[in-house]
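1. Provide a 3D model corresponding to the input given below.
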Amino acid sequence: MHLAARNGVYAEVAMLLEDERLVDPDVADSCGNSAFLLSAANGHMAVLWRLLDDGRVDPDRPNAVGNSALICAANKGEEQTVAALLGLERVDPNRVGCTHGIVGNSALLLACLAGHLP
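-> Sure thing, here's the model as predicted:
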């Protein structure tokens, strides 16, 4: 699931979600990343929406260092993903994580520092 979500392979993600017994879409990898976070960080909107539609993912679940999907997407300049995540009630825009070895980075701060503002 994680590899398919990170690479935006919608058909594989959809197939895995068909049978709830096959996979838990909110399980974390060894770094604490969920498939949802990986799809968001890489701008794979179709996969992101499919995972959300499944209803078993927490879109604000942080990884092992406290970064959420929003923080990761903002850090990588995924504007469309950031806009979609900000539209979700279950996403905290003020969550802080650890990026570049610095604790306390918010999505807004990272977007500003990286020049990812429209």
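2. Show the pLDDT at the closest residue to Glu20 other than its chain neighbours.
-> Using CB to CB, 6 or more residues apart in numbering and skipping the chain neighbours, the partner closest in space to Glu20 is Arg56 (7.7 Å). Backbone N, C-alpha and C define where each C-beta goes, glycine included. Note on Arg56: pLDDT of 95.
3. One more: Gly115?
-> 83.
4. Is it within a helix or a strand, and which one?
-> Using DSSP states H and E, Gly115 sits in no helix or strand.
5. For stretch 9-26, list every residue counted as buried.
-> Neighbour counts using 16 or more other CB atoms under 10 Å place Val9, Tyr10, Val13, Ala14, Leu16, Leu17, Val23, Pro25, Asp26 of stretch 9-26 among the buried residues.
6. now do stretch 73-87
-> Along stretch 73-87, these residues count as buried under the neighbour rule (16+ other CB under 10 Å): Ala73, Ala74, Asn75, Lys76, Glu78, Thr81, Val82, Ala84, Leu85.
7. ok, of these, which one's closest to Cys98?
-> Checking the buried residues of stretch 73-87 against Cys98 with CB to CB, the nearest one is Asn75 at 11.2 Å.
8. hang on, the earlier thing: mind telling me what element the residue nearest to Glu20 is part of?
-> Here Arg56 is assigned to no helix or strand, by DSSP H and E.
9. returning to that earlier point: which members of the buried residues of stretch 9-26 are positioned in helices?
-> In helices, judged by DSSP state H, the following of the buried residues of stretch 9-26 are found: Tyr10, Val13, Ala14, Leu16, Leu17.
10. Now distance to Ala111 too, for these, in CSV please.
-> Below are these laid out as CSV (distance: CB to CB, whole Å):
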residue, distance to Ala111
Tyr10, 26
Val13, 26
Ala14, 30
Leu16, 31
Leu17, 30
